[in-house]
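Undergrad: heads up, no residue letters with this:
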């Protein structure tokens, strides 16, 4: 995140720096906390999983001669008696982006050792995530009520249901796990574990505000995946 | 890691986060408008893709701090994702071919 300093090692910028870092016979990601590097590698592997869903969805949707249900009608919601296309999905998108923004600020205030502000912002992020999961549960029950199943639905191609439940379900699981961790980290922040360097129970690593950034990476990733789901599943 | 001097991590000004946050809202609003006005065809999917990549890029570059990371990390992350994007493109073409051959053999027959 910032310019690191290592005794006896000269940092070079750009691609020559990349070659030097990689070939330095030392740690490759210089100045990056190991937990952060591991989170990035986990997120990369998670990207592969979501890509599998996305690719199978595209292949499934593209290769069926059956008519695909129109998402902007399927996901329309009545507001004051008028059907508004994708209303709930739009609200969910805005809620998730809001929580992403509060998370980014929490990381910033964490590094500035502003414990209270960081804790409140993490709590706000967790509440945003909870709202999102709640709205998703509402959407699922609405569609199930309308007769959408993984093997059939009243709107068109039967594959629609299985892709919908798999993709949004997998994403919702990620959000739920994130919310649980956000609440835990909000508690740990308020309790001052990152100020005192108290050791966590998952690892023996000393508590540090870099953990907030690692959690933030996960949360932004969840938002990032939703950007793709929103574009490919709901808008396309 | 032990050789790195312990020092206060420098942070970025709050303005940049607020700007990115605002931009994300605006871009989300635009992509919702694509559906609201029911753009169709080339215009629809090119706009959807444009807003999607802009949002994803902004989140990764600034919220996830990739813009400030060293190339060793950035390249490890971005090249596999580029490969996935190529894979997506391949499978879209494959899906079209499958649809074509299904319809062809349904209606024309294999003899």
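TA: Received, thanks. Please read these numbers as outputs of a predicted model, since none were measured by experiment.

Undergrad: Just checking, which helix or strand of chain A averages the lowest pLDDT?
TA: Lowest on mean pLDDT, DSSP states H and E among the helices and strands of chain A sits strand A:77-79, with a mean of 77.

Undergrad: Please report the number of neighbouring residues for residue A:96.
TA: 27 (other C-beta atoms under 10 Å in any protein chain shown). Glycine gets a C-beta too; all of them are placed from N, C-alpha and C.

Undergrad: in which helix or strand would I find it?
TA: Secondary structure assignment for residue A:96, by DSSP states H and E: helix A:87-111.

Undergrad: wait, does that helix contact chain B?
TA: Yes. Helix A:87-111 is in contact with chain B by C-beta under 8 Å from any C-beta of the partner chain, via A:90, A:93-94, A:97, A:100-101, A:103-105, A:108, A:111.

Undergrad: Remind me what that helix packs against, helices and strands.
TA: strand A:77-79, helix A:115-145, helix A:210-229, helix B:14-36 (3 or more C-beta pairs under 8 Å, 6 or more residues apart in numbering or on different chains; DSSP states H and E).

Undergrad: Please work out the average pLDDT along the helix or strand containing residue B:102.
TA: Assigned by DSSP H and E, residue B:102 falls within helix B:71-107. Helix B:71-107 carries an average pLDDT of 91.

Undergrad: How about stretch B:13-33?
TA: Mean predicted confidence for stretch B:13-33 is 91.

Undergrad: and the residue of chain A found nearest chain B, how many neighbours?
TA: Chain A approaches chain B most closely through residue A:62 (2.9 Å), counting by C-beta to the nearest C-beta. Around residue A:62 there are 17 other residues, counting by other C-beta under 10 Å.

Undergrad: Now for the residue lying closest to it once chain neighbours are set aside: which residues touch it?
TA: Computed as C-beta to C-beta, 6 or more residues apart in numbering or on different chains, the closest residue to residue A:62 that is not its neighbour in sequence is residue B:95, at 2.9 Å. Applying C-beta atoms under 8 Å, 6 or more residues apart in numbering or on different chains to residue B:95 gives the contacts A:58-63.

Undergrad: Swap in 6 Å and give it another go.
TA: Contacts for residue B:95 were tallied using C-beta atoms under 6 Å, 6 or more residues apart in numbering or on different chains; they are A:59, A:62-63.

Undergrad: buried stuff in the helix holding residue B:102?
TA: B:71-74, B:76-77, B:84, B:88, B:91, B:95, B:98-99 (16 or more other C-beta atoms under 10 Å in any protein chain shown).

Undergrad: Next one, pLDDT for the closest residue to residue A:193 other than its chain neighbours please.
TA: Of all residues not flanking residue A:193 in the chain, residue A:207 sits nearest, at 4.4 Å (C-beta to C-beta, 6+ apart). Predicted confidence (pLDDT) for residue A:207: 84.

Undergrad: where does chain B come near chain A, residue by residue?
TA: B:3-5, B:9-11, B:17, B:21, B:24, B:28, B:32, B:35, B:48, B:52, B:55-56, B:59, B:63-65, B:68, B:71-73, B:75, B:84, B:88, B:91-92, B:95-96, B:98-99, B:102-103 (C-beta under 6 Å from any C-beta of the partner chain).
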